[in-house]
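Trainee: sequence plus the predicted model coming up.
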Amino acid sequence: MEKVLQVNDLHVSFSTYGGEVKAVRGVSFDLHKGETLAIVGESGCGKSVTSQSIMRLIPEPPGKISGGEIIFKNIDLIKLKEPELQKIRGANISMIFQDPMTALNPTITIGEQIMEGIIQHEKLSRAQAKRVAVEMLTLVGIPNPELRLKQYPHQFSGGMRQRIVIAMALVCRPDVLIADEPTTALDVTIQAQILELFRDIQKKTGVSIILITHDLGVVAQVADRIAVMYAGRIVELGTRREIFYQPQHPYTKGLLQSVPRLDAEKAELVPIPGTPPDLFSPPVGCAFAARCPYAMEVCERVYPIETHISQQHQVDCWLQDERAKKLVSSFK
Amino acid sequence: MKAYFFKRIIAMIITLWLIITGTFFLMHSVPGSPFNEERTTNEAIQKNLESYYQLDKPLIVQYGNYLKALVKLDLGPSIKKSSQTVNDMLGRGFPVSFELGMYTLIVALISGLILGVVAALRHNGIIDYLAMSIAVLGISIPNFVMATVLIQQLAVNLPIFPVATWSSPKHMVLPILALATGPMAIIARLTRTSMLEVLTQDYIKTAKAKGLSPVKIVFKHALRNALLPVVTVLGSLAASILTGTFVIEKIFAIPGMGKYFVDSINNRDYPVIMGTTVFYSAILIFMLLLVDIAYGVLDPRIKLHKKEAK
Amino acid sequence: MELRKQEAQNISPDVPNEWFVPKVRNKEEAEAVVRPSLSYWQDSWHRLLKNKLAMAGLIFLILLALLAIFGPIFSTHSVETQKLAEQNLPPSSKYWFGTDDLGRDVFIRTCYGARISLFVGLMAALIDFIIGVVYGGLSGYKGGRTDNLMMRIIEILYGLPYLLVVILVMVVIGPGLTTIILALSITGWVGMARIVRGQVLQIKNYEFVLASKTFGTKTARIIRKNLLPNTMGPIIVQMTLTIPSAIFAEAFLSFIGLGIQAPHASWGVMANDGLSTILSGYWWRLFFPTMFISLTMFAFNVLGDGLQDALDPKLRR
Ligand SMILES: Nc1ncnc2c1ncn2[C@@H]1O[C@H](COP(=O)(O)OP(=O)(O)O)[C@@H](O)[C@H]1O
Ligand SMILES: [Mg+2]
C-alpha cells in the first residue's frame, strides 16, 4: 500500500509559565493512500497538537517540535521553511477545525473564502476559481451554490458551515485531509450527514483522511484504521475490526465501554475512572498505569515495548508480556 | 433599513431634547440675573434688558420660546455681546474647530492603527514594548501639557513651527499633534488588544491552513475584524477631541468655537453656553449614528434594520 | 495459530520477573494530589510584584503621597508667602523648584498641587465606586424592566460629552474643589455601574446554577472563594483607571480657569500661570507642574494595566 504520509517519533512540547508541557511524546504512524485513519483519545491527549504539527501550525513559541520527522512526498516537513510550507498547506495537505461556527471569517463572503485558496495555489483567474468553488459547493451538497457564494457565514447553519469548511479544504484537491473533531460541535443527525459526506468525498476524490475524535462512535462508521492515543503517545493501532473486536490495551477497552453500542441491549456506559496525568512531568512508565485495573509494578517503572499482534495491529502494553498472562486471573 | 433610520432619528431627537431641557433648566437654576454683577447698569436698564431677553417671563414660557426658536435652528442672541447671535459665533468659530478636530481624528486614527497593528504583530518584541510605552505616555500626558511642551521645544527653543494661530498648514502642525497624541494612544492600545485577540481566532488558523501568506492573513482576514472594537470607541473619542479643542484653541490662540465658549463661561453668557452645548451634543449624537453605520458596513452580521431588537 | 506462537515468545529480557506483580495501590496515593495552592489574592500579588513598570508606578505614587502629606511640613517656606524680592528665581538649593512671579516657592506649591490631585482622584474613584455599586447592583439584581430602564438612562448619559457636562455644572455651582468632585461624579460612575451590573448578573447566574445542583452551604463559600475575587478584579481596575482621568479633568478645568481658583495651588493652575511666561524663559514654572501631572497619570495608568494583568490572568498577553 502506498504511504502518503509518515510520522516518525514525533515530539512536541510547549513552554509555559508552569514549565514545559510535553504534549506529544513519540508518535509514529503511516497514512495510506485513500484510507481514513482515525486518531482517538480523551481530550488533552495530544491529538490536535499532533495534527497541527503535521501542518506545522503549532504556534512557535510557545510550541516546539523537539524531535522526529514528518515525511510527505519524500520531504521532511519539519525541515521546511515557512514559504515552502505555505505552498503545501491547503494545496497538498488541508485541515478542518472543530468548530464550524468559528472557523469561517465572519466578515468575508464564503465564496471569497473558498476561492482565495485556489487563487493562491493554482494561479487561476477569478472566473475560473468561481467555477471551481461552485463545483465544490455542489460536491459537499450545498443547494444554490451560485447564490450562496455571495453570502456570509452567519447566514448558514452549523452543519452547512461545516460543509463549506470541507469544500474549502478540498478546493485544491489535496492528498491529505486532516479533520480535527469535525463533528463534535454538531448535533447527532448532522454528525451522521457530515460523516456520510466524508465517505462520499473520499470515494470521489481518493483523498487520504486523518480523522481526529474523542468519540469512538464516530469512528465506527468511517475509519479504516484506528490509532488510540493516551497522554501524548499512540498506545494501540489497528484496523477498525481489530480495535473494535480485539482491543488489547486496557485503555482501548475502557474507551469502548464508554461508547453507546448499537448491538448491546442495555446501553451501559462505563466511563474510565480517573483523569489523565499532567504532561509537565509525565510518568516514566505507562501513563495509563494509574487508572489501569490491570496495572503491575512493571507498568510504573518501564514504558512497555511495542508488540505486534498482527501485521496491522500493534499495542504498547505489558499485559502482552508472557509473564503477565498468568497474572490476569488474579485481577478482580 | 428605512424603519431602522426612522427609529434611530426619533431616538436621537429624544436624547437631544433631554439634553436641551437639562441644559436649559440647569442654566436657569443659577440664582440671580446675569446682569446683576455689572455695576454700570442701573435698575431700569436691567429691567429693559431682562424684558428684551424675555427673562421676566415665567420659566416655562421662556423654555417654550427657546424650543420654538431651536426648531428654526435659531440659538438666540448673546447676552454679553449684544450685537451677535449664537448662530453668528458658531458660524464663525465652528468651521475652524471642525477643521482642527477632523485633522486630529484622521491623524490619530491612522497613526494609532499603524502603531497598534505593528505592536500586535511583533507581540512581546521590542517594537511592541516601544509602541506600548509610547501609548501609555500618550494617555498619561494631558493634551494641554503636550501643547505646552511642543510650543516650548518646537516653537521657542527650536523655532521650527509658529507659536500660535491658524493661518497656514505650518501653523496647524503643533495644535494637531498636541490634540492627537491622546486619542492616538487609545486607538493604538485598543487596536493591539483587539488584533491579538483576533489572531488567536479559529478563522485565522483556517486561513493559515489554506497556505495564505502572513501579509494576506493580516490585511485580509485579521484587520477588518480587529477594527470593529476600534470603531465603537470613535464616538467617545470624537467627544473628547471636541472638548479638547477648547483648551488647544485657547493655548494656540486659534479663532475657533473654543475661544467663544471659554469666554462665554467666564462672562456667564448663558445663551452662548447653552447654544454651544446643544450644538455640540447634536454633533456628537450624529457622530454616534455615523459610527453605527460604519459598524454595520464593516460587520455583515449587523443588519441595521434588525438592530432595534437589541 | 501463528499469532499464538508469536505471543508465546513475547518476553522482554531486560525487565525482571518480580516486577510482574499486581500493583499495590494505597488510598492516599490515588487521591492526594495536594499542591500548595496560593489564594487568588496572593497569586495576583505575586504577578503584580513581577511587573516592574507597575511596581515603579506604585512606588512613585507612595512617594508622591508622602510628599503631599509631609512635604510642606518640612519646608521653611509656605504656599502663599509672597516674597516680591524673590520673583521668578530659577531652581536652587533654597528653592528646589524655583519661585514664581509672586515669589512663591514652586516646590511647596507643587506639593499642595499633589494634595489636590490625589484628593480629587481618590474622592472621584470612591464616589464612582459607591454610586456604581448601588446603581449597577440594583439594576443587575432587580433585572427585567427596572434593569432595562436603568440601562437606558446609562446609555443616554454615556452619549454625553463628559467634559461639557462637567463644565456646565461648574458654571452653575461656581468653581472650587468640592464642585469639581461633584461635577466629576455626575457622569463618572456610569462605567463602574456597567461593570458592577455585569458582575452581579454573573453572580446571580452562578447562584442559580449552584442552587439547582443543591450544593447547599457550599454556595456561600464558592461565591466568597471564587466568584467575589473574580468580580472584584474588574472593579479594582476600573477604580485605578478612574483616578488618572479625574486628575486630568481637574487639571484641565483649572487650566482653563474653571477649577481651583488663583491663590490656591493646583497643577492645572500652575501650568496655566507658567504657560503665560513661556517666552520669558522661566521654564521651571511650567516644567514642574506639567511633569508632575504627567508622571502621576502615567503611574496610575501603568499600575492599572499591571493590576489588570495580575488580577485577570486569562487576559494576560
Ligand atoms: N498553546 C499551548 N500552550 C500550552 N500547552 C498547550 C498548547 N496547546 C496544547 N497544549 C497542551 O497540549 C496538550 C494536548 O492538547 P491537544 O492536542 O489540544 O489535546 P486534544 O487531544 O484534546 O486535541 C494539552 O495538555 C494542552 O494543555
Ligand atoms: Mg483537540
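Mentor: On my side now, so go ahead. Ligands and ions are numbered 1, 2, ... in the order given.

Trainee: around chain A, which positions in chain B sit nearby?
Mentor: Within chain B, the residues that sit near chain A (C-beta under 8 Å from any C-beta of the partner chain) are B:201-203, B:205-213, B:216, B:220-221, B:224-225, B:298-301. Glycine gets a C-beta too; all of them are placed from N, C-alpha and C.

Trainee: taking these, please make a ChimeraX selection of just the buried ones.
Mentor: Remark: buried members of those, expressed as a ChimeraX selection using 16 or more other C-beta atoms under 10 Å in any protein chain shown:
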select /B:201,202,203,205,206,207,208,209,210,211,212,216,220,221,224,225,298,299,300
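
Trainee: distance from the host helix or strand of C:Ile167 to the middle of the chain?
Mentor: Here C:Ile167, judged by DSSP states H and E, is contained in helix C:162-173. In terms of C-alpha atoms, centre = their mean, to the nearest Å, the centre of helix C:162-173 is found 25 Å from the chain centre.

Trainee: right, is it up against chain B?
Mentor: Yes. Helix C:162-173 reaches chain B (C-beta under 8 Å from any C-beta) through C:162-164, C:167-172.

Trainee: inside helices: which ones of the residues of chain B next to chain A?
Mentor: Mapping the residues of chain B next to chain A onto helices (DSSP state H) picks out B:202-203, B:205-209, B:216, B:224-225, B:298.

Trainee: quick check, nearest of those to ligand 1?
Mentor: Nearest to ligand 1 among these: B:Lys205, at 11.7 Å, using C-beta to the nearest ligand atom.

Trainee: is it correct that that closest one is in contact with A:Ile58?
Mentor: No. The criterion here is C-beta atoms under 8 Å, and B:Lys205 misses it with A:Ile58 at 10.8 Å.

Trainee: where does the residue nearest to the spatial centre of chain A land in three-state SS?
Mentor: For chain A, A:Ile212 is the residue whose C-alpha lies nearest the centre (C-alpha atoms, centre = their mean; 2.5 Å). Under DSSP: H, G, I helix; E, B strand; the rest coil, A:Ile212 falls in the strand class.

Trainee: which ones are touching it?
Mentor: Counting by C-beta atoms under 8 Å, 6 or more residues apart in numbering or on different chains, A:Ile212 touches A:38-40, A:47-48, A:51, A:178-181.

Trainee: can you pull the pLDDT of it?
Mentor: pLDDT, A:Ile212: 92.

Trainee: for it, give the beta-bridge partners.
Mentor: Judged by DSSP bridges, the bridge partners of A:Ile212 are A:Ile39, A:Asp180.

Trainee: am I right that A:Val24 is in a strand?
Mentor: Yes. Counting by three-state DSSP, A:Val24 falls inside a strand.

Trainee: that one and ligand 1, how far apart?
Mentor: Counting by C-beta to the nearest ligand atom, to the nearest Å, the separation of A:Val24 from ligand 1 is 7 Å.

Trainee: same thing with C:Thr179?
Mentor: When distance is defined by C-beta to the nearest ligand atom, C:Thr179 is 53 Å away from ligand 1.

Trainee: same check, this time on A:Arg233
Mentor: For A:Arg233, the distance to ligand 1 (C-beta to the nearest ligand atom) stands at 12 Å.

Trainee: just C:Ile156 next, same as before
Mentor: Distance, C:Ile156 to ligand 1, using C-beta to the nearest ligand atom: 44 Å.

Trainee: spell out which parts of the stretch 1-150 of chain A neighbour ligand 1.
Mentor: Contacts of the stretch 1-150 of chain A with ligand 1, taken as C-beta under 6 Å from any ligand atom, map to A:14, A:16, A:21, A:23, A:41, A:43-49, A:59, A:62-63.

Trainee: just the buried ones out of the residues you listed, please.
Mentor: Among those, those buried by neighbour count (16+ other C-beta under 10 Å) are A:14, A:21, A:23, A:41, A:44-49, A:63.

Trainee: now for the residues you listed: which two are most distant?
Mentor: With distances taken as C-beta to C-beta, the most widely separated pair in those is A:Gly41 and A:Gly63, at 18.9 Å.

Trainee: B:Ile265 touches C:Ile167, doesn't it?
Mentor: Yes. Under the criterion of C-beta under 8 Å, B:Ile265 makes contact with C:Ile167 at 6.6 Å.

Trainee: and the residue nearest in space to the middle of chain C, what element?
Mentor: Closest to where the C-alpha atoms of chain C average out (C-alpha atoms, centre = their mean) is C:Thr240, at 1.1 Å. Secondary structure assignment for C:Thr240, by DSSP H and E: helix C:228-255.

Trainee: touching chain B at all, that helix?
Mentor: Yes. Using C-beta under 8 Å from any C-beta, we find that helix C:228-255 touches chain B at C:244, C:248, C:251-252, C:255.

Trainee: taking the mean pLDDT, what do you get for stretch B:86-100?
Mentor: For stretch B:86-100, mean pLDDT rounds to 89.

Trainee: may I see the buried residues of it?
Mentor: For stretch B:86-100, the neighbour count (16+ other C-beta under 10 Å) marks B:86-87, B:89-90, B:93-94, B:96-97, B:99-100 as buried.

Trainee: which residues are in contact with stretch C:127-141?
Mentor: For stretch C:127-141, using C-beta under 8 Å, 6+ apart, the contacting residues are C:146-147, C:150-151, C:181, C:184-185, C:188-201, C:204, C:235, C:238-239, C:242.

Trainee: using PyMOL, make a named selection holding only the buried ones among those.
Mentor: Command for PyMOL, covering only those of those found buried under the criterion 16+ other C-beta under 10 Å:
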select buried, chain C and resi 147+150+151+181+184+185+188+189+190+191+192+193+194+195+196+197+199+200+201+235+238+239+242
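
Trainee: residues of the helix or strand B:Leu284 falls within that come out buried?
Mentor: Assigned by DSSP H and E, B:Leu284 falls within helix B:270-298. Neighbour-count burial for helix B:270-298 flags B:270-285, B:287-289, B:291-292, B:295-296, B:298 (criterion: 16+ other C-beta under 10 Å).

Trainee: what about that helix, near chain C?
Mentor: Yes. Using C-beta under 8 Å from any C-beta, helix B:270-298 reaches chain C at B:273, B:277, B:280-281, B:284-285, B:288.
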